[in-house]
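Undergrad: how would this look folded up:
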Amino acid sequence: MPVEQVTVAYVNPPKDGGKKGSIKDMHGRYFGVWPDKLALYQKGNTYEIEYDVEEYQGRTYRNVKRIINGAGGTHAPSGRGAPTPAAGRGMDTKSVEMAVMGIIGRAFQGTGTIPDEAALTRMVRTLRKAWVNGFNDELSHPPEQYENELNDEVPF
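TA: Residues are numbered from 1 along each chain as shown. Alright, predicted model coming up:
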């Protein structure tokens, strides 16, 4: 199977009735990706992927088999009908999961380290709460408090 380094220009969810989503690289080529793996890809990030090539009705289709190296880590291919991480939950959960994965991925990108399970769990829970609270119309502190913090005297 071919191996190639691609920089993602777009991440596309599956079309209505479609089984796979896709990523589009900077050269305009599309690579099919199972829905439960789409969150591993972020626009602008570069990945080394292994894919297969199929010819069907005169068109060439490339389907990602796995990420070898890149911002999304490694993954094995999914089977048909594999559940998505948000299966059985609302669509809002998908955006929360994507945000959390993106933030954590960027935080540790290139460090070569992963925190222990307890620390990582705390980070995930904190980020999930921050995401929900960020879109909550009610602020935990009244706006006047923020204005007062900005208008305090400089001590020198």
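
Undergrad: Could I get the phi/psi values of the residue nearest the centre of the chain?
TA: The residue lying closest to the centre of the chain (Cα atoms, centre = their mean) is residue 39, at 3.4 Å. The phi/psi pair for residue 39 (degrees, to the nearest 10) reads phi -70, psi -10.

Undergrad: For residue 116, see how far away it is.
TA: 23 Å (Cβ to Cβ, to the nearest Å). (C-beta placed from N, C-alpha, C; glycine too.)

Undergrad: Please apply the same query to residue 63.
TA: 35 Å.

Undergrad: okay, the two: which has more neighbours?
TA: Ranked by neighbour count (other Cβ atoms under 10 Å), residue 63 and residue 116 place residue 63 first, with 17 against 7.

Undergrad: what pairs with that one across the strands?
TA: residue 32, residue 52 (DSSP bridges).

Undergrad: tell me the contacts of it?
TA: Residue 63 sits next to 20, 31, 32, 33, 51, 52, 54 when contact means Cβ atoms under 8 Å, 6 or more residues apart in numbering.

Undergrad: ok, of those, which come out buried?
TA: 20, 31, 32, 33, 51 (16 or more other Cβ atoms under 10 Å).

Undergrad: Kind regards, and thank you for your time.
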